[in-house]
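Engineer: Structure, please.
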Amino acid sequence: MPAKKLKRRANRNSKYTAFSRNDARRAFVYLTAYVALILFAAIAFMPKYWYVWAMLVIIPLTFLVKWSVNVSAFRCRNCGNIFEVKTHQYAAGPHGFWKNKKDGWYGWRYLKCPKCGKRTSAIVMMRNK
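Structural biologist: Residues are numbered from 1 along each chain as shown. The predicted structure is shown next:
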């Protein structure tokens, strides 16, 4: 289902909405800042202080994954169930973006649905605040 149609169908009491362009922009800003930190740390600390560089890569990556887990949920393509995942499931699942004529752009993550038990490319949904 297109992101715009999903968002229109979600009412104010709904706990989840479709992934929007603003959500994508926010994620892009966080990822850009993380990549800039890695590049700076690689240039400044890699030759002598490799352990500092490793900490500057691992610690922000952990926070980035936790943030993403806290703001997202997933809709099963098979049964339509919306579910949340744990951090280790989120980190281990293959993911990406698709575009087709019917749905437009949307994010997906390959996960097992807790309701139907089938592994599908679950569509990314955002939690409402």
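Engineer: When you work out contacts or count neighbours from here on, use the C-alpha atoms and nothing else.
Structural biologist: OK.
Engineer: For this protein, which residues score under the pLDDT cut-off?
Structural biologist: 1-14, 19-20, 45, 99-105, 129 (pLDDT under 70).
Engineer: ranges for the helices of it?
Structural biologist: For the chain, the helices defined by DSSP state H occupy 3-9, 21-45, 50-71, 87-92.
Engineer: residues in contact with C113?
Structural biologist: 76, 81, 83, 119-120 (CA atoms under 8 Å, 6 or more residues apart in numbering).
Engineer: among these, which are in strands?
Structural biologist: Among the contacts of C113, the residues falling in strands (DSSP state E) are 83, 119-120.
Engineer: Quick one: buried ones out of the residues you listed?
Structural biologist: With neighbours counted using 16 or more other CA atoms under 10 Å, the ones in strands among the contacts of C113 contain these buried positions: 83, 120.
Engineer: contact partners of stretch 90-99?
Structural biologist: Counting by CA under 8 Å, 6+ apart, 65, 69, 104-111, 121 sit against stretch 90-99.
Engineer: got the buried residues for that stretch?
Structural biologist: 90, 95.
Engineer: next one: stretch 24-36 to chain centre, how far?
Structural biologist: Relative to its parent chain, stretch 24-36 has a centroid offset of 12 Å by CA atoms, centre = their mean, to the nearest Å.
Engineer: What residues sit buried inside stretch 72-92?
Structural biologist: 72-77, 82-85, 90.
Engineer: scratch that, stretch 33-45 is what I was asking about
Structural biologist: 34, 38, 41-42, 45.
Engineer: Distance to G96 for these - can I get that in a markdown table?
Structural biologist: What follows is the buried residues of stretch 33-45, written out as a markdown table (distance: CA to CA, whole Å):
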| residue | distance to G96 |
| --- | --- |
| Y34 | 19 |
| I38 | 22 |
| A41 | 27 |
| A42 | 27 |
| F45 | 32 |
